[in-house]
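Asks: Okay, sequence plus prediction incoming.
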Amino acid sequence: PVQQDVLFSVDISCVGTPTIQWTFMSGRVSRDIGAWQTGGYTNVSEDYMDRVHTYTNGSMGLSDLRIQDAGFYVITVTELSGSSKDEGFVLKVEEVLYEDLQFLAVFAVGLASLAGFLMVSMWLMDKAYCRIKAWRQRRQMPGKLF
């Protein structure tokens, strides 16, 4: 779901220390996320700078998911000899609909409370009007004669 975290876990076995490149691809966009070498990630893309979490084995975590993050993630592992291997992950990001329903429910409760307050206010004003009207009528009546 949107605003959650995801972990792209990898288990790499190769000769020597590999270079690992993460790339994002979708229908319109292809961009590098970052490269991993001994010592950690380098060249992390500005789009992912604050959201990429790196691990010593080359795995990558992505936090605060957005709808735009949905797509195909490719990891390219290149050995010192120059041979490489690609693997891919498909990430599907869904919007959470219950947040919209929660907002709608809170809005409905707020409207119902406002309607209740207005109804009680109208009832109290009607009672006050009736009492004032009765008091004026009594005041205008002639006094008792003895």
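Replies: Received it, and whenever you're ready, just let me know what you need.
Asks: Next SSE downstream of the helix or strand of the chain with the lowest mean pLDDT?
Replies: Every helix and strand of the chain was ranked by mean pLDDT, DSSP states H and E. The lowest is strand 40-42, at a mean of 67. As assigned by DSSP states H and E, the chain's next helix or strand after strand 40-42 is strand 52-54.
Asks: Now do the buried residues in that following strand.
Replies: 52, 54 (16 or more other CB atoms under 10 Å). C-beta here means a position set from N, CA and C on the backbone, and glycine is covered the same way.
Asks: ok now do the residue most central in space within the chain, which residues does it touch?
Replies: Closest to where the C-alpha atoms of the chain average out (CA atoms, centre = their mean) is residue 3, at 4.0 Å. Residues near residue 3 by CB atoms under 8 Å, 6 or more residues apart in numbering: 64-65, 96.
Asks: Tell me the most packed of those residues, by neighbour count.
Replies: residue 65 (18 neighbours; other CB atoms under 10 Å).
Asks: got a markdown table for the contacts of residue 3, with pLDDT, distance to residue 117 and secondary structure too?
Replies: As requested, those are exported to a markdown table (pLDDT from 0 to 100; distance: CB to CB, whole Å; DSSP: H, G, I helix; E, B strand; the rest coil):
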| residue | pLDDT | distance to residue 117 | secondary structure |
| --- | --- | --- | --- |
| 64 | 91 | 39 | coil |
| 65 | 92 | 41 | coil |
| 96 | 73 | 32 | coil |
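Asks: which one of these sits closest to residue 47?
Replies: residue 64 (12.0 Å; CB to CB).
Asks: Tell me the backbone dihedrals of that closest one, please.
Replies: Residue 64 adopts backbone torsions of phi 50, psi 60, taken as degrees, to the nearest 10.
Asks: ok, which stretches of the chain are strands?
Replies: 6-8, 19-25, 30-37, 40-42, 52-54, 60-62, 71-78, 84-91 (DSSP state E).
Asks: and the residue nearest to residue 9 when sequence neighbours are not counted, how many neighbours?
Replies: Residue nearest to residue 9 in three dimensions, not counting chain neighbours: residue 59, with 4.8 Å by CB to CB, 6 or more residues apart in numbering. Residue 59 sits with 18 neighbouring residues when counted by other CB under 10 Å.
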